[in-house]
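K.L.:
next comes the sequence, and after it the predicted model I'd like to discuss.
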Amino acid sequence: MKFLSFYLNYQLSNSKSFELTSSDFSTFENEHLQLEFLVENLDADFRYKVILKSKTAITLIDFFIETAVDYADSKGVFCNGFQSWTETKIFFNTEKIQAQSWLAKPFSKHYGDTTLFHYKNKKGVAHSWTYSYIKLPKRKAIFWGSLQETNGYTIFEHHANENKLIIKKDCKGKMVESQLDLLDIFYADSFEKMAFQNYFEAQQLKPIQAKPAIGWTSWYYYYTGISEKIILDNLEAFVQQNIPIDIFQIDDGWQQAVGDWLHINEKFPNGLKFISDKIHQHNIKAGLWLAPLACEHNSFIVKEKPHWILKDENGKFLRIGFNPLWSYWFYALDIYNEEVRAYLKEVFYTILHEWNFDLVKLDFLYGTALIARNGKSHGEIMHDAMQFLRECVGEKMILGCGVPLSAAVGTTEYCRIGPDIHLFWDFTTLRWLKTRERPSVLNAIHNTISRRQLSGKWFWNDPDVFILRRNKNKLSEDEKYSLLLSNLIAGHLIFTSDNIAEYDTEQLRLYKSIFPLMPIEDIQVNYQNDFYSIHFRINERYYLALINTSSDTKTYKLPDSLYFDNRTDELLKGNRRINIPKHASKCLLNVGYTPFAVAGSKGHFFSGTEIENIYLSGNKIEIDWKEELLLDTIAYIKVPLEYEVLTVNNSEQFKRINKKEFSIIEIERKNT
């Protein structure tokens with residue numbers, strides 16, 4: 001990477017503005033400020049800093065550095081979207097990231113970055129927030145990541161066809177009266193895995209005070225149509241099936257209006273403490289949804305406290321979204337208003353200590369930071385808001401949603417990293433309108449896989465729910481399976497909204513098969529032509545997942561090995577081509593060619609994980625089974641044709657199946 005030039009635009013207190021540009025990266029100085037450009041060697045990586053020292057009060061408008069980067073070997077550019085819901089994936093130089101259609105902007109521009117960033121709408125031009133990388137052959141990458149987001153967002157704008165990268169600081173409105181770390185960038189040119197590892201180390205992250213979890217949320221089956229009876233009936237379904245979920249979360253629909261968080265509606269006659277107590281009786285954590293920085297048109301805030309609401313440039317309430325399930329338009333609260341802060345402290349104390357909820361899902365958080373003000377940039381306001389919410393919640397847990405991810409680091413235990421799922425594969429109309437924050441199963445899968453590295457470092461990734469039910473959605477069985485597979489590989493907050501009491505035997509078995517969550521490690525992703533091939537490891541077993549996100553059948557050549565298909569229960573020989581239909585996927589256990597191996601199983605979603613260890617002693621096989629399984633298990637052990645098996649776990653109750661090249665020992669284990 002070669003630095004070419006920098007640009008700075010700022011304003012004095014008398015409103016006179018100045019523009020500076022230079023290709024000299026030694027110290028720059030004029031009568032108003034000094035810019036210092038520093039490079040620090042971090043072993044094989046680098047840290048680039050720009051320090052601004054002001055001699056008088058100035059307000060920043062714009063700053064960026066233009067660099068020369070070689071994209072010749074690029075296998076795509078990773079672009080992190082603006083917030084939780086924004087489309088995030090690898091982009092290629094034949095693609096372009098397009099701004100929303102003018103038809104959609106009045107209703108959905110608030111959700112994305114179109115008011116903060118100027119889209120170029122050109123092939124090969126793509127922008128990323130906070131971190132980005134160029135994917136190279138042999139698992140290598142050229143990586144950039146911001147180490148300073150608390151005073152403003154950092155944007156990486158790639159011009160792949162021009163071999164140019166612009167590193168931009170969204171500093172508009174930021175007042176500087178002394179010294180400011182204007183830019184602080186980690187840079188690596190190494191293996192992709194190592195680049196992320198070193199980036200996280202450079203951030204000096206604190207351990208997350210929570211664990212991966214499985215749970216239920218009410219939204220995608222009932223939406224706002226929840227009631228006390230519906231919530232308790234769904235809780236009872238888990239109790240009756242003896243399914244040990246960790247979190248049971250009540251979503252939107254319990255409050256009188258968005259913003260009226262201390263007023264429970266008539267559908268919950270016994271209040272919410274009554275329900276949280278019921279949840280806790282079953283050793284499950286209770287979660288509750290709210291949008292603390294927003295209020296809808298019908299809220300008491302609009303009627304009685306209009307001075308709490310942010311105003312736009314015309315003095316009208318700042319619209320931050322449109323929702324027909326509410327009273328249509330909803331607005332942003334001013335997080336710096338002391339009355340707002342006092343109200344929210346009361347809200348959180350009530351929810352967490354009087355109603356006794358353990359987790360709050362905080363939604364639509366981006367809204368309060370859409371206007372730079374008070375001498376602070378957009379990113380700084382977002383950071384302040386998240387710090388305030390963290391203080392309000394204290395030792396209990398936050399699931400962040402609709403939030404720029406850098407502000408959720410260190411302030412949330414869990415964070416949504418994808419859009420709302422849709423009840424179709426994609427929201428076709430909104431896709432046509434180029435709405436990047438649209439509800440979409442397709443984009444949910446992209447985001448879940450593409451942001452996988454963050455989980456367990458910044459927060460635990462919430463990929464949004466999966467669906468297994470057949471009613472109230474238009475997803476095919478293949479599409480539902482692909483969504484579940486991506487969530488289990490790269491997510492760590494695994495929720496559904498299905499009414500599991502309606503599951504048939506097949507659906508209930510598939511749902512129970514995800515328990516317990518398995519530790520997915522060493523994930524290696526290849527993405528090309530809307531097709532993912534993902535290698536990963538669970539303990540000592542290796543897997544290959546194939547996910548086809550395109551609308552055409554894809555052909556994939558299996559590497560040379562022996563595989564077990566967990567959907568068809570077949571053994572597949574490698575070194576041959578297989579077809580993956582549109583929106584479909586496979587998860588294959590790599591059995592390999594060793595004489596003795598686990599050759600598949602039926603008891604957990606990831607075949608083979610039911611068995612922790614196998615011991616061979618003479619003609620006896622001893623198996624250590626995984627604890628916490630919910631299902632009966634059938635396991636298949638591959639042995640040489642000539643190898644005689646007398647007992648398995650001191651029992652003769654097994655079946656031997658002789659094949660051409662080896663034998664399979666089939667063992668059944670009842671779950672007790």
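P.N.:
Perfect, I can see it now. Numbers count the residues shown, from 1 in each chain.
K.L.:
any idea how many residues pack against the closest residue to R469 other than its chain neighbours?
P.N.:
Nearest residue to R469 in three dimensions, chain neighbours excluded: D498, at 4.4 Å (Cβ to Cβ, 6 or more residues apart in numbering). In this view, the C-beta of every residue, glycine as well, is placed from N, C-alpha and C. Neighbour count of D498, defined by other Cβ atoms under 10 Å: 23.
K.L.:
go on, F143?
P.N.:
Counted with other Cβ under 10 Å, F143 comes out at 24.
K.L.:
specify the beta-bridge partners of it.
P.N.:
On the basis of DSSP bridges, F143 is bridged to Y133, A188.
K.L.:
correct me, but it touches F191?
P.N.:
No - between F143 and F191 no contact is recorded; they are 9.9 Å apart, counting by Cβ atoms under 8 Å.
K.L.:
show me this structure divided up by domain.
P.N.:
If you go by automatic domain parsing, the domain ranges for the chain are 2-203, 213-290+357-367+380-517, 519-591, 594-672.
K.L.:
deepest of the ones you listed, which one?
P.N.:
domain 213-290+357-367+380-517 (a mean of 21; mean count of other Cβ atoms under 10 Å).
K.L.:
ends of it, what's the gap?
P.N.:
8 Å (Cα to Cα, to the nearest Å).
K.L.:
that one - what's its average pLDDT?
P.N.:
Averaging pLDDT along domain 213-290+357-367+380-517 yields 98.
K.L.:
centre of the chain to it, how far?
P.N.:
12 Å (Cα atoms, centre = their mean, to the nearest Å).
K.L.:
for stretch 164-182, same thing?
P.N.:
27 Å.
K.L.:
would you mind writing the CA trace of it as CSV?
P.N.:
Extracted as CSV, the C-alpha positions of stretch 164-182 are listed here (Å, rounded to 0.1, in the frame of the first residue of the first chain):
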residue,chain,number,x,y,z
LYS,A,164,-7.0,2.8,-5.5
LEU,A,165,-8.3,2.7,-1.9
ILE,A,166,-9.6,5.8,-0.1
ILE,A,167,-9.6,5.6,3.7
LYS,A,168,-12.2,8.1,4.9
LYS,A,169,-13.1,9.4,8.4
ASP,A,170,-16.7,10.3,8.8
CYS,A,171,-15.8,13.3,11.0
LYS,A,172,-18.5,15.8,10.0
GLY,A,173,-19.4,18.0,12.9
LYS,A,174,-16.6,16.9,15.2
MET,A,175,-15.2,19.9,17.1
VAL,A,176,-11.5,19.8,18.0
GLU,A,177,-10.0,22.1,20.5
SER,A,178,-6.8,20.3,21.4
GLN,A,179,-5.6,16.9,20.1
LEU,A,180,-7.4,14.1,18.3
ASP,A,181,-6.4,10.7,16.9
LEU,A,182,-8.0,11.4,13.6
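K.L.:
spatially central residue for the chain, please.
P.N.:
I417 (2.1 Å; Cα atoms, centre = their mean).
K.L.:
tell me the contacts of that one?
P.N.:
S84, T88, L405, N447, T448, R451, L454, S455, N461, D462, P463 (Cβ atoms under 8 Å, 6 or more residues apart in numbering).
K.L.:
which of those fall within strands?
P.N.:
Residues of these located in strands (DSSP state E): N461, D462.
K.L.:
residue ranges for the helices of the stretch 51-200 of the chain, please.
P.N.:
Here the stretch 51-200 of the chain has its helices, by DSSP state H, counting those that start in this stretch, at 105-108, 192-203.
K.L.:
test my guess that C415 contacts K457.
P.N.:
No - in this structure, C415 is not within contact of K457 by Cβ under 8 Å, at 11.3 Å.
K.L.:
check the gap between the closest residue to D184 other than its chain neighbours and F186 for me.
P.N.:
Distances taken as Cβ to Cβ, 6+ apart put Q148 closest to D184, at 3.7 Å, once the chain neighbours are dropped. Distance, Q148 to F186, using Cβ to Cβ, to the nearest Å: 10 Å.
K.L.:
then K345?
P.N.:
As for K345, its distance to F186 is 36 Å (criterion: Cβ to Cβ).
K.L.:
tell me which of the domains of the chain lies nearest to Y336.
P.N.:
Comparing the domains of the chain against Y336 with Cβ to Cβ, the closest turns out to be domain 213-290+357-367+380-517 (7.8 Å).
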